[in-house]
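Undergrad: Got a predicted structure plus its sequence, pasted below:
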Amino acid sequence: KVWKDGLRGVDKDIPDITKSFVHHVQTSLARQAYNLDEAGAYQAAALSARDNLLVNWNETQLHFNAKPTKRAYYLSLEFLMGRTLDNALLNLGLKDKYTDGINKLGFGLEDLLEQERDAALGNGGLGRLAACYLDSSASQELPVWGYGLRYQYGIFQQLIGPDGSQLEAPDPWLQHDNPWEIPRADVTYEIRFYGHSERVDGMKAVWSGGQEVLAMAYDVMIPGYDTKNTNNLRLWESKPKRGFDLNSFNAGDYERAVESSNSAAAITSVLYPNDHTTFGKELRLKQQYFWTAASLSDILRRFKNLGKPIGEFPEYVSIQLNDTHPTLAIPELMRILVDEEDLSWDSAWDIVTRTFFFTNHTVLPEALEKWPVTLMQQLLPRHMQIIFDINMIFLQAVEKKFPGDRDKLARMSLIEEGFPQNVRMANLACIGSRKVNGVAELHSELLKATIMKDFVEFFGTDKFFNVTNGITPRRWLDQCNPRLSQLISETLKLPKASFLKDLSQLEGLLKHVDEPGLIKKWAAVKQSNKERLAHYVETTTGHQINTQAMFDVQIKRLHEYKRQTLNILGVIYRYLKIKAMTPAERKKVNPKVVFFAGKAAPGYYIAKLTIRLIVNVARIINVDPDTKDLLSLFFLPDYSVSLAEILIPASDISQHISTAGTEASGTSNMKFCLNGGLLVGTVDGANIEIAEEVGEQNVFFFGHLTPAVEDLRYQHMYHPVPIEQKCPELANVINEVSSGRFGDGGVYEPLLNTIRQNDYYLLTEDFDSYIKALKLVDEAYQDRTEWIKKSIRTTAKMGKFSSDRAIQDYAQECWNIESNKLP
Ligand code: 26Q
């Protein structure tokens, strides 16, 4: 679409929005106002919206600098922000005005929004949680600043190859100008790597030599909703300290000179696409230190501007560690306090342990972060020394409390013995922090009972607590589902801002559950969201979708513990069943469309095979004339925040089917429910608390419970029963795959063998009850009115899962900070 009217009609009477749009087209973009394409129009609209943010952002900084107040810092290697323009306009309360203004200029705002690329600086749940928490902090006028890395490449772009496998391509998201960041060439810090550390006296040392790189700040504005408060997310970029090494250059060694500058730039080049595994890659450790060191320098500089004695640091600063990724902040702060600020070891440790708070996101043993001592010694010699010293003092205290318990000492040590020796980051994060929390009730209990058991016995239970995750209702209701938000507002006779700021108000819907008018409108909203998704699928894949069918969605990172394999084998089971039916029987089948989306870590072979199976099953069943009207299947490539915003509001039912005790929380479960989707799931993570809120009659639970899992695994290991005997229905499905019904069967053997052999994630144990649960879902869906009532009741009870509540929990339990609203 091209704007042909040029400047005609644009004069000083038109609203400010069109004026600023035209101004940015001509000056910032240096383009002609005629012949402007949608990409250019998006840029101009974004720059114009940004002007509003900048004013608020500046005022917020001034306001908070005016008097010394305590601040909290959220350190996360991932911020999965998604798109910004729509969210910024909604939070500023300017969306309607921009819609009109942009219309006057001959564009559609919705089309321009589609031009924006996602900022995808995260893998999944942990990164999106950080983004929701920033929104909630700003919206509640809390002084919370985020710190992360400005990766040149976000999470990879996922493509599906001709054989159905995942292919990866880079995500050069900064290729076009990014209007949402402000480069801060004046905010830079020097970060050292390698070199050597020499003790000077006692615990003190001098670290020198090695390489230095520069960290430069980029600031991202985080607007609060319905407030002028606009917080900051500071992302660091690595740069060579000098353009390149002049000595080598003069000696004629140009390549070597450029190499060191390349290696500095490489630090922030790419987000590691692994979650739940650690590889011990040096560059990842470099990223972690680079980021924590730059962030701490910045935090310390800001603290020093207050003119307070260093001993008061914890009265003005709280730092939340988002998983173990920023744990090096603990030895780094020790280094600064002992080596540079000249504090005694004990005073330094006292400050450190009152400053940090640690959130754990997993109890899977293979996901616990550890680093080879040799690598750490080389890259960060001083930090390795400090970690050894912390460990020595700590283990002496453990020995004093539990004399002679060598196994306990070995388990609690910061160093895992073996070849190689490893540093255990979760142990370090735990002992260096004031408090440790899990992300859902069950998870926090499991933490205390498993990986943190010894630490609970040592420190006592008060150090350990729970903050159930939350999601921002601004993005995950109002932005992604404006019709539902509008309907809720009409039904409750409240402005949107009222329940979007206090999500517990949704409970007011319960009074109206039986009103036929509401039921009809609620169903119509869901239907239009399903049509929006169908339209997306049709324009991107060419496939037509029956929007009268039930939409069943599973969208999350591919992982064995999340059991997408259980879902696809269930789909095949359903397909084979329908195939075997008579035409009369088929008439009674409830048509269903199954959607999958999600990325697999590029090196995760089994997860990638699952994708391949899903894609190839889809290729067969979607064209089978016997079944295609009753069952179809889509793997939507390149899952992202923006795709989630289309999928979630369109779902009738979604799947959260991890082996009990493995999913720390899950957050998309909350998003689906907030949008009136129902859950089929295991008794795991936040599913449990969701069911507590909405009532078990509104959730389709199945599968073994957490306490049974360990015993079952033991049985599988030592008393295996052949799958044909244990679960004949599943054995049959597996045989069909193996025999090549969905393309070359041999390809899937390694995947199928994980089930046939020790079945660590217990598919054979849960398959029958899973199929039963899906049958109950079908039956419930037949009574559409009753289904819609379940849907309304579910939305009504989502108040607890607002990230506003979660942030209040952190602010009160950990950070001890207070709201401070801009006048
Ligand atoms: C660690 C070391 C080296 C390389 C990568 C990593 C790494 C990166 C990302 C490890 C883990 C992650 C991400 C974990 C994650 O997303 N966990 C999810 O967090 C959500 C928010 O708390 C929970 O809802 C999910 O249950 C949990 O799986």
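TA: Cool, the structure landed. Numbering: from 1, shown residues only.
Undergrad: Could you count how many residues lie near whatever residue of the chain ends up closest to the ligand?
TA: Among the residues of the chain, residue 125 lies nearest to the ligand; the distance is 2.9 Å by CB to the nearest ligand atom. C-beta coordinates here come from the backbone N, C-alpha and C atoms, glycine included. Using other CB atoms under 10 Å, residue 125 has 23 neighbouring residues.
Undergrad: Could I get the buried residue list for the lengthiest helix in the chain?
TA: With secondary structure taken from DSSP state H, the chain has its longest helix at helix 38-66. Neighbour-count burial for helix 38-66, counted by 16 or more other CB atoms under 10 Å, picks out 38, 40-50, 52-53, 56-57, 60, 63-64.
Undergrad: Determine the number of other residues adjacent to residue 418.
TA: Residue 418 sits with 7 neighbouring residues when counted by other CB under 10 Å.
Undergrad: Give the other helices and strands that the next helix or strand after the longest helix of the chain contacts.
TA: Sequence order places strand 71-75 as the next helix or strand after helix 38-66, per DSSP states H and E. The contact analysis (3 or more CB pairs under 8 Å, 6 or more residues apart in numbering; DSSP states H and E) places strand 71-75 against helix 125-139, strand 144-149, helix 282-304, strand 317-322.
Undergrad: Tell me the strands beside strand 71-75, with direction?
TA: Sheet pairing for strand 71-75, assigned by DSSP bridges, gives strand 144-149 (parallel), strand 317-322 (parallel).
Undergrad: does the ligand sit close to the helix or strand following that strand?
TA: Next along the chain after strand 71-75, taking DSSP H and E as the criterion, comes strand 79-82. No. Using CB under 6 Å from any ligand atom, strand 79-82 stays clear of the ligand, coming no nearer than 9.2 Å.
Undergrad: Tell me if residue 632 really is in a helix.
TA: No. According to DSSP: H, G, I helix; E, B strand; the rest coil, residue 632 belongs to no helix; its state is strand.
Undergrad: ok, it touching residue 593?
TA: Yes. The pair residue 632 / residue 593 is scored as a contact, 5.1 Å apart, by CB atoms under 8 Å.
Undergrad: who touches residue 102 in this structure?
TA: 17, 21, 41, 45, 108-109, 112 (CB atoms under 8 Å, 6 or more residues apart in numbering).
Undergrad: Who wins on neighbours among these?
TA: residue 45 (29 neighbours).
Undergrad: that older thread, just checking, the residue of the chain closest to the ligand touches residue 666?
TA: Yes. In this structure, residue 125 is within contact of residue 666 by CB under 8 Å, at 7.0 Å.
Undergrad: list the helices and strands the host helix or strand of residue 554 packs on?
TA: Taking DSSP H and E as the criterion, residue 554 maps to strand 550-555. Counting contacts by 3+ CB pairs under 8 Å, 6+ apart, strand 550-555 is packed against strand 592-597, helix 641-647, strand 653-656, helix 763-782.
Undergrad: Please tell me how far the third one is from the chain's geometric centre.
TA: Strand 653-656 has its average C-alpha position 18 Å from the chain's average C-alpha position, going by CA atoms, centre = their mean, to the nearest Å.
Undergrad: before we move on, back to that, dump the strands paired with strand 71-75 to JSON lines, plus mean neighbour count.
TA: Below are the strands paired with strand 71-75 laid out as JSON lines (neighbours: other CB atoms under 10 Å):
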{"stretch": "strand 144-149", "mean neighbour count": "26"}
{"stretch": "strand 317-322", "mean neighbour count": "24"}
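Undergrad: how about those in TSV, adding mean pLDDT and distance to the ligand?
TA: As requested, the strands paired with strand 71-75 are exported to TSV (pLDDT from 0 to 100; distance: least, CB to the nearest ligand atom, whole Å):
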stretch	mean pLDDT	distance to the ligand
strand 144-149	98	12
strand 317-322	98	9
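Undergrad: So for residue 795, which of those sits nearest?
TA: Ranking these by their distance to residue 795 (criterion: CB to CB) puts strand 144-149 first, at 27.8 Å.
Undergrad: Hmm, residue 318 and residue 816 touching each other?
TA: Yes. Assessed by CB under 8 Å, residue 816 is found in contact with residue 318 at 6.9 Å.
Undergrad: any residues in contact with both of those two?
TA: With CB under 8 Å, 6+ apart as the test, residue 816 and residue 318 both reach residue 70.
Undergrad: Over the strand holding residue 554, what's the mean pLDDT, rounded is fine.
TA: Average pLDDT, strand 550-555: 98.
Undergrad: Run through who's touching that strand.
TA: 530, 533, 564, 567, 590-598, 639, 643-644, 647-648, 650-655, 657, 668, 672, 677, 777-778, 781.
Undergrad: Report the strands that pair with it, each with its relative direction.
TA: strand 592-597 (parallel), strand 653-656 (parallel).
Undergrad: C-terminal to the shortest one, what's the next element?
TA: So that's strand 653-656. According to DSSP H and E, the helix or strand after strand 653-656 is helix 668-674.
Undergrad: For the helix or strand that comes right after that next one, enumerate the helices and strands it packs against.
TA: As assigned by DSSP H and E, the chain's next helix or strand after helix 668-674 is strand 678-682. Contact partners of strand 678-682 among helices and strands, from 3+ CB pairs under 8 Å, 6+ apart: strand 653-656, helix 668-674, helix 687-694, strand 699-702, helix 763-782, helix 784-796.
Undergrad: what do you get if the cut-off is 6 Å, keeping everything else the same?
TA: strand 653-656 (3 or more CB pairs under 6 Å, 6 or more residues apart in numbering; DSSP states H and E).
Undergrad: what about the strand it packs on and the ligand, any contact?
TA: No. Applying CB under 6 Å from any ligand atom, one finds strand 653-656 separated from the ligand by no less than 9.7 Å.
Undergrad: got a list of contacts for that strand?
TA: Strand 653-656 has contacts (CB atoms under 6 Å, 6 or more residues apart in numbering) with 552-554, 567, 666, 669, 672, 677-681, 687, 777.
Undergrad: mind giving me a markdown table with the residues you listed and columns for distance to the ligand and neighbour count?
TA: Output for the contacts of strand 653-656, formatted as a markdown table (distance: CB to the nearest ligand atom, whole Å; neighbours: other CB atoms under 10 Å):
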| residue | distance to the ligand | neighbour count |
| --- | --- | --- |
| 552 | 21 | 25 |
| 553 | 17 | 24 |
| 554 | 14 | 25 |
| 567 | 17 | 21 |
| 666 | 5 | 25 |
| 669 | 9 | 28 |
| 672 | 13 | 28 |
| 677 | 17 | 26 |
| 678 | 19 | 23 |
| 679 | 14 | 25 |
| 680 | 17 | 23 |
| 681 | 12 | 26 |
| 687 | 11 | 27 |
| 777 | 23 | 20 |
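Undergrad: which pair in the residues you listed spans the largest distance?
TA: Farthest apart among the contacts of strand 653-656 by CB to CB are 666 and 777. That separation is 18.5 Å.
Undergrad: Kindly indicate whether residue 819 is helix, strand or coil.
TA: coil.
Undergrad: Without its sequence neighbours, what residue ends up closest to it?
TA: In this structure, residue 819 finds its nearest non-sequential neighbour in residue 141, 4.4 Å apart by CB to CB, 6 or more residues apart in numbering.
Undergrad: May I have stretch 734-748 as CSV, with CA atoms only?
TA: C-alpha atoms of stretch 734-748 as CSV (Å, rounded to 0.1, in the frame of the first residue of the first chain):
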residue,chain,number,x,y,z
ILE,A,734,4.0,-46.9,17.7
ASN,A,735,4.0,-49.8,15.4
GLU,A,736,2.1,-47.8,12.8
VAL,A,737,4.7,-45.1,12.9
SER,A,738,7.5,-47.7,12.8
SER,A,739,6.0,-49.5,9.8
GLY,A,740,6.2,-46.4,7.7
ARG,A,741,2.6,-45.2,7.6
PHE,A,742,3.8,-41.6,7.9
GLY,A,743,6.9,-41.8,5.7
ASP,A,744,10.1,-43.7,6.3
GLY,A,745,9.5,-45.4,9.7
GLY,A,746,13.1,-46.1,10.4
VAL,A,747,13.8,-42.4,10.8
TYR,A,748,11.7,-42.3,14.0
